[in-house]
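Q: need a structure here:
(chains A, B, C and D)
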2 protein chains.
Amino acid sequence: MDLERTTNRIVRQRNRSALLSKLFLEGPLTRQDLARYTGLSQPAVSNVVGDLIGAGLVVEAGAVESDGGRPSMMLRVAPRYALVAGVDVGETRIRVELFDLAMTMLASADYPLDAAGPAPAAVVRHILAGLDAVTEQAGVPRSDILGIGIGVSGVVVQGGEAIVHAQTLGWHGVPLERLIRAEVDLPVHIDNGAKTLGQAEMWFGAGRGSRHAVFALVGSGVGAAVVTNGVMYRGVSSSAGEWGHTTLVYDGRACRCGARGCLEAYVGAEGIIDRYREARRGHDVPGADEESQIGALIEAADRSETARRVLEETAGYLGAGVANLINLFNPERVVLGGWAGVALGAHLLPAIRAAAAGQALHQPYEQAAIELGQLGVDAVALGAATLPVARLLAAGGTRN
Amino acid sequence: MDLERTTNRIVRQRNRSALLSKLFLEGPLTRQDLARYTGLSQPAVSNVVGDLIGAGLVVEAGAVESDGGRPSMMLRVAPRYALVAGVDVGETRIRVELFDLAMTMLASADYPLDAAGPAPAAVVRHILAGLDAVTEQAGVPRSDILGIGIGVSGVVVQGGEAIVHAQTLGWHGVPLERLIRAEVDLPVHIDNGAKTLGQAEMWFGAGRGSRHAVFALVGSGVGAAVVTNGVMYRGVSSSAGEWGHTTLVYDGRACRCGARGCLEAYVGAEGIIDRYREARRGHDVPGADEESQIGALIEAADRSETARRVLEETAGYLGAGVANLINLFNPERVVLGGWAGVALGAHLLPAIRAAAAGQALHQPYEQAAIELGQLGVDAVALGAATLPVARLLAAGGTRN
DNA sequence: AAGGCTTAATTTACGCGGTTATTAAAGTGT
DNA sequence: ACACTTTAATAACCGCGTAAATTAAGCCTT
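A: A predicted model of the protein is given here:
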């Protein structure tokens, strides 16, 4: 079924890609290291590295000390070969960040969104303003930017030009990619926010080194990103990983998606707050927004039996949801992220693990480590910024 | 992250594998077809095909008629280059089948199992007897057999030698591969039965041509096989796809796995029969075994309101379970197989589709066709027999 | 029936790519 | 200053697919 033709040029490109990726993800490394890790011969490595240095993608970065023998040269991806922009289009704000190829953040800009679904045009305007802002802050010309990555909290369909369906933003079939391309002459990559978060954790955070991992994002909405055999799994129309709307309680609570008993209706921020309010016999939960309300709930757990019970139930639901992921995907790791996920996980991780252990099959449960994300909330923008980088690495550094 | 070194020899092997696979799955084809489909140049195709013919793997099979111009030669995988054996180790019986490389069944043998978990040694004995029986029936020497594939209803962990955990057989950590290798000097491949069924449907049945598909097996137990990007997804310890033990009804019916609310407890044959009995206020369901009991239920639906309701509820649960698969995997197709799945699906497919539509997100639901399997119950053995074939194809026809 | 046309398959010359073996480079230690 | 060690670059070599040219094998027209 593998209809990829393989020819000699492709060999070179694959090896360029392999070496460049290794250097990017685990650099700096010496030519010797590269030869060892990739299995290529030393001359081949030198040859390819020569190309990459010639193209300005890789630079030598000091010799490593030796005890006898010629010291080897450290190689690393040139941080300033290009810059990348990452955008997080969340439910409440847009954040634009600018990185170099060492993924050091050079500048950032924030734009709050109106509570009720913002118009696509407004989002595009904010993104453009953000690009101007971060390039100016960093004092770089826009032409230095290799590409823009955008993470959106909604379904992003990838065929050709990315189309966004985001129920929570009130978007249905928005051609975001076209809207942005019309204004900016740069490569644009758009993906689901959970997937960009997963990508970031995979490369730089809790997912490092695993081939099979699931990244669960719990915030206002609930989503997941699934890495199978080392690559982000998208499915046929890129909407794979919609964990939040899997049925956990058949015929249960109504979900904003229109169905009943979805996981999100129980462990999404709104669902948790609703359940807490019901447990308080209808008394409103203190706090101006969802984040402070969840904070209030967690804080109240020390003294309030009701709050404690609501959190305990939340851990039960989350644990069962995680168990489903473990049974279906058999991952090495399940990483809990998103603002609510991190806030809850800090206290509830043991309870979540216990609940998952009770619902998952023994064998796959034993294989799966359930952990918290390491990159915090900005992981979505960081992950978005990796999208153009991933393209560069896959292409072996050829710009096209 | 791709550490596959790529070298010149590998180019040849990959192309051998690509051509051979194409021929096997879609043959007979001409050299021209191969050149078109694979993108290789005509001389390259001729060159590789020459090798394959020389090795006896491929034969020319008649010229195609032409209207002007030299007629092209049909090529096909030589059916008798090797034979393969497929074994289905189910909960109630063991079935051994012998195929040639055209996957024509040459012989088969059946061995019923005791209801209560059979000892591994007994299973091995049946398999060996089956091998002897089918080779004798077909009148071929055992040395013609390329390898043996075995599909087991349970978790099969692949690292090194396959280990089987099959709760329903009472097996825990059975080194089935070693037990068989000790008795037979042939390559042995063991995999989960749902996965071999999926493999069969993928190559020869309802899954043909799709890159992303989920095969749901509903029988005494409930399982699934997931194909992502054209390859069977296994997860870190090969137990991915344990759909039957995902939670569908939080805190619901007790399942034989020890957890509560598992899908299998509702739509596995036993679960359905139990629910029917309860709906009949404890009156036993007529029928000697599960298969006839399910048959009785389906047949009673025409006249009994109770039976009708139980089936309707079953469709609801199954639909929700399918919706979960659709939300998480975003497949092109969901294929319902297994003896109970086929029996139920024949009547309930519309109701299942409707239930899935109600629970799944709109966008992924629209992408997913929900269909019945095309290969019937013997698909497990057929799929098992494809395991050694898959190995041969991947290796490009080199025997090792 | 012969020559022309068309398509399939093979042959030839070529460039690319990685490998092994060898040589040069750049250090440490005695 | 010399031996030793390790890294990097160079040279000779073989395998692979490509493009272009050639041969093979049929149909069609005259």
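Q: Stretch A:9-20 near DNA strand D anywhere?
A: No: against DNA strand D, stretch A:9-20 shows no contacts by CB under 7 Å from any atom of the strand, the least distance being 8.2 Å. Any C-beta I mention is one placed from the backbone N, CA and C, and that applies to glycine too.
Q: Put the alpha carbons of that stretch into CSV.
A: Extracted C-alpha coordinates of stretch A:9-20, given in CSV (Å, rounded to 0.1, in the frame of the first residue of the first chain):
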residue,chain,number,x,y,z
ARG,A,9,17.5,12.2,-4.5
ILE,A,10,14.9,11.3,-2.0
VAL,A,11,17.5,9.4,-0.1
ARG,A,12,19.5,12.6,0.3
GLN,A,13,16.5,14.6,1.3
ARG,A,14,15.5,12.0,3.9
ASN,A,15,19.0,12.0,5.4
ARG,A,16,19.1,15.8,5.4
SER,A,17,15.8,15.8,7.2
ALA,A,18,16.9,13.1,9.7
LEU,A,19,20.1,14.9,10.6
LEU,A,20,18.5,18.3,10.8
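Q: What is the distance between it and the centre of its chain?
A: 26 Å (CA atoms, centre = their mean, to the nearest Å).
Q: can you check stretch A:360-369 too?
A: Using CA atoms, centre = their mean, the offset of stretch A:360-369 from its chain centre is 24 Å.
Q: Now it: buried residues?
A: A:360-361, A:363-365, A:367-368 (16 or more other CB atoms under 10 Å in any protein chain shown).
Q: do stretch A:85-97 as well
A: A:85-91, A:94-97.
Q: Give me the lowest-pLDDT entry from those residues.
A: Lowest pLDDT of the buried residues of stretch A:85-97: A:Glu91, 82.
Q: Look up the residues forming beta bridges with A:His189.
A: Per DSSP bridges, the residues bridged to A:His189 are A:Gly149.
Q: quick revisit: any chance of the buried residues of stretch A:85-97 in a markdown table, plus secondary structure and distance to DNA strand D?
A: Output for the buried residues of stretch A:85-97, formatted as a markdown table (DSSP: H, G, I helix; E, B strand; the rest coil; distance: CB to the nearest atom of the strand, whole Å):
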| residue | secondary structure | distance to DNA strand D |
| --- | --- | --- |
| A:Ala85 | strand | 34 |
| A:Gly86 | strand | 33 |
| A:Val87 | strand | 39 |
| A:Asp88 | strand | 40 |
| A:Val89 | strand | 42 |
| A:Gly90 | coil | 45 |
| A:Glu91 | coil | 49 |
| A:Ile94 | strand | 45 |
| A:Arg95 | strand | 40 |
| A:Val96 | strand | 39 |
| A:Glu97 | strand | 34 |
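Q: got these as CSV, with distance to DNA strand C columns?
A: CSV is the format used below for these (distance: CB to the nearest atom of the strand, whole Å):
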residue, distance to DNA strand C
A:Ala85, 32
A:Gly86, 32
A:Val87, 36
A:Asp88, 38
A:Val89, 40
A:Gly90, 43
A:Glu91, 46
A:Ile94, 42
A:Arg95, 40
A:Val96, 38
A:Glu97, 35
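Q: Pick out the residue of the stretch 1-150 of chain A closest to DNA strand D.
A: Per CB to the nearest atom of the strand, A:Gly69 is where the stretch 1-150 of chain A lies closest to DNA strand D, at 2.1 Å.
Q: Distance-wise, check that residue relative to B:Gly345.
A: Per CB to CB, to the nearest Å, A:Gly69 is found 69 Å from B:Gly345.
Q: again, but for A:Ala385
A: Counting by CB to CB, the gap from A:Ala385 to B:Gly345 is 46 Å.
Q: Please apply the same query to A:Ala44.
A: 54 Å.
Q: Look at A:Ala109 and tell me its secondary structure.
A: Under DSSP: H, G, I helix; E, B strand; the rest coil, the three-state class of A:Ala109 is strand.
Q: swap in A:Glu313?
A: The three-state label for A:Glu313, taken from three-state DSSP, comes out as helix.
Q: residues contacting it?
A: Residues in contact with A:Glu313 (CB atoms under 8 Å, 6 or more residues apart in numbering or on different chains) are A:Arg275.
Q: Tell me the confidence at it?
A: 95.
Q: got it, and A:Thr6?
A: A:Thr6 is assigned a predicted lDDT (pLDDT) of 69.
Q: Tell me the buried residues in the helix or strand of chain A with the lowest mean pLDDT?
A: Every helix and strand of chain A was ranked by mean pLDDT, DSSP states H and E. The lowest is strand A:58-63, at a mean of 82. Using 16+ other CB under 10 Å as the test for burial, strand A:58-63 gives A:58-59.
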